[in-house]
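Peer 1: sharing a sequence plus its predicted fold:
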Amino acid sequence: GVAIGAVAVGCRGGGGLDGALSAVGAGTTATQSKGGVIMQIRAVIERSESVPTLEGAGVHLHRAFGFQQDNRFDPFLLLDDFRSDDPSYYRPGFPWHPHRGIETITYVTAGEVDHGDSLGNHGTIGPGDVQWMTAGSGIIHQEMPRGDIQGRMHGFQLWANLPASTKMMAPRYREVKAADIPAVALPGGVLVKVVAGTVAGVAGPVRDVVIEPEYLDVFVPAGVVFEHAIPGAHSAFAYVYQGVGRFGTDSEGGEAGNRTLLRFGDGDGVRIEGLAPDGVRLLLASGRPLREPIAWRGPIVMNTSEELAEAFREFREGTFLKHQK
């Protein structure tokens, strides 16, 4: 059957998801399978640990994936984990730089990031906020992390590809505040923040995206199983950032903890079990693969090497921006 939970709107940051949740007895299941139909659980076909990387003007982060030659996370290109409690690791920031042909999705769980761009957008994203930027034909922006009073700067940046037909669309900027991101409570204490996609009939605020993405922040208490339907044609991955969980079926997948990336194979749903003592918290993302060639260098992703060379030439010559404020 369908597990429909209460909906709590306005949850901010890590505290709202981690707060007053308690584990329940083993075997409790939160599921979105409908009408008693058993979904085909996707196997974990690849697992890896994020790798320490230096980016921007000297920001220390962990890269979960990025710059793959085989584009196996299509339509996603890159996932960076920039959690740090040492201000010297993130203060250098990401000064003015260009993007073209992609969307960048920044999700902050602690601290604040000041930003500005060539469209005249500027502001600050804080705990629980999301910045969804569609670079399209080209944008120049900066992101400068400044942490919180305890020195923490926690968050993630995901890059999604744009298809050839929309790579040169007008840039679009969406800042989504934590209060506008629903947190869906499911049986057993499972709590899901829905940035994009739908959980238990509740849709996230980011819509009208070409790759039909689902982007969720999921907490599963110890001893609880969460099953979630994902369209069979979509690719999917999970990235653990707190606790320990078991992914896939009982016979495969295995346990995964902090900074572990799991790529799922074919099927129409995923299965995640929270393990003792604290359950598991993770990002779960899926989207429609574009299955197009990519030509990628740094912050610009096109379809051909000629388009890529043209983009960098335009940037050097000052003709990169097609749409300005």
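Peer 2: Yep, that arrived.
Peer 1: make it CA atoms for all contacts and neighbour counts henceforth
Peer 2: Fine.
Peer 1: where are the low-confidence patches of the stretch 201-325 of the chain?
Peer 2: 250-253, 325 (pLDDT under 70).
Peer 1: what sits up against stretch 118-134?
Peer 2: Applying C-alpha atoms under 8 Å, 6 or more residues apart in numbering, the contact partners of stretch 118-134 are 11-14, 102-116, 139-141, 171-178, 195, 323-325.
Peer 1: how far out from the middle of the chain is it?
Peer 2: Between the centre of stretch 118-134 and the centre of its chain there are 15 Å (C-alpha atoms, centre = their mean, to the nearest Å).
Peer 1: got the buried residues for that stretch?
Peer 2: 118-119, 124-134 (16 or more other C-alpha atoms under 10 Å).
Peer 1: report the mean confidence score over it.
Peer 2: For stretch 118-134, the mean per-residue pLDDT is 95.
Peer 1: alpha carbons only: can I get it in PDB?
Peer 2: The C-alpha trace of stretch 118-134 is given here as PDB (Å, rounded to 0.1, in the frame of the first residue of the first chain):
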ATOM      1  CA  SER A 118      26.000  38.900 -14.000                       C
ATOM      2  CA  LEU A 119      22.200  39.000 -14.000                       C
ATOM      3  CA  GLY A 120      22.300  41.300 -11.000                       C
ATOM      4  CA  ASN A 121      21.200  38.600  -8.500                       C
ATOM      5  CA  HIS A 122      22.900  38.700  -5.100                       C
ATOM      6  CA  GLY A 123      22.200  37.600  -1.600                       C
ATOM      7  CA  THR A 124      23.000  34.900   1.000                       C
ATOM      8  CA  ILE A 125      21.900  31.300   1.200                       C
ATOM      9  CA  GLY A 126      21.800  29.800   4.700                       C
ATOM     10  CA  PRO A 127      21.000  26.500   6.400                       C
ATOM     11  CA  GLY A 128      18.400  24.500   4.500                       C
ATOM     12  CA  ASP A 129      18.400  26.900   1.500                       C
ATOM     13  CA  VAL A 130      19.000  25.800  -2.100                       C
ATOM     14  CA  GLN A 131      20.300  27.900  -5.000                       C
ATOM     15  CA  TRP A 132      19.300  26.400  -8.400                       C
ATOM     16  CA  MET A 133      21.100  28.200 -11.100                       C
ATOM     17  CA  THR A 134      20.600  27.500 -14.800                       C
END
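Peer 1: give me the contact list for the longest helix seen in the chain.
Peer 2: Assignment by DSSP state H gives helix 305-317 as the longest helix of the chain. Applying C-alpha under 8 Å, 6+ apart, the contact partners of helix 305-317 are 100, 295, 296, 297, 300, 301, 302, 320.
Peer 1: next up, the contacts around the second one.
Peer 2: Residue 295 makes contact with 301, 302, 303, 304, 305, 308, according to C-alpha under 8 Å, 6+ apart.
Peer 1: who's in contact with the closest residue to residue 141 other than its chain neighbours?
Peer 2: Sequence neighbours aside, residue 117 is the residue nearest to residue 141 in space, at 4.0 Å (criterion: C-alpha to C-alpha, 6 or more residues apart in numbering). The contact partners of residue 117, by C-alpha under 8 Å, 6+ apart, come to 139, 140, 141, 142.
Peer 1: pretty sure residue 108 is in a strand, no?
Peer 2: Yes - counting by DSSP: H, G, I helix; E, B strand; the rest coil, residue 108 is located in a strand.
Peer 1: helices of this protein, start to end?
Peer 2: 13-18, 87-90, 305-317.
Peer 1: include mean neighbour count and distance to residue 285 when you put these into CSV, please.
Peer 2: Below are the helices of the chain laid out as CSV (neighbours: other C-alpha atoms under 10 Å; distance: least, C-alpha to C-alpha, whole Å):
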stretch, mean neighbour count, distance to residue 285
helix 13-18, 16, 18
helix 87-90, 19, 25
helix 305-317, 15, 27
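Peer 1: which one of those lies closest to residue 165?
Peer 2: Proximity to residue 165 (C-alpha to C-alpha) singles out helix 305-317 among the helices of the chain, at 13.3 Å.
Peer 1: quick one: distance of that closest one to the chain centre.
Peer 2: Helix 305-317 sits 28 Å away from the centroid of its parent chain (C-alpha atoms, centre = their mean).
Peer 1: same check on stretch 291-310?
Peer 2: Centroid displacement of stretch 291-310 relative to its chain, using C-alpha atoms, centre = their mean, is 22 Å.
Peer 1: that stretch: end-to-end distance?
Peer 2: End-to-end distance for stretch 291-310: 22 Å, by C-alpha to C-alpha, to the nearest Å.
Peer 1: my guess is residue 264 meets residue 44, correct?
Peer 2: Yes - using C-alpha atoms under 8 Å, residue 264 is in contact with residue 44, at 4.6 Å.
Peer 1: give me the distance between residue 109 and residue 154.
Peer 2: According to C-alpha to C-alpha, residue 109 and residue 154 sit 5 Å apart.
Peer 1: do residue 212 as well
Peer 2: Taken as C-alpha to C-alpha, the span from residue 212 to residue 154 is 26 Å.
Peer 1: with residue 234 instead?
Peer 2: Residue 234 is 28 Å from residue 154, by C-alpha to C-alpha.
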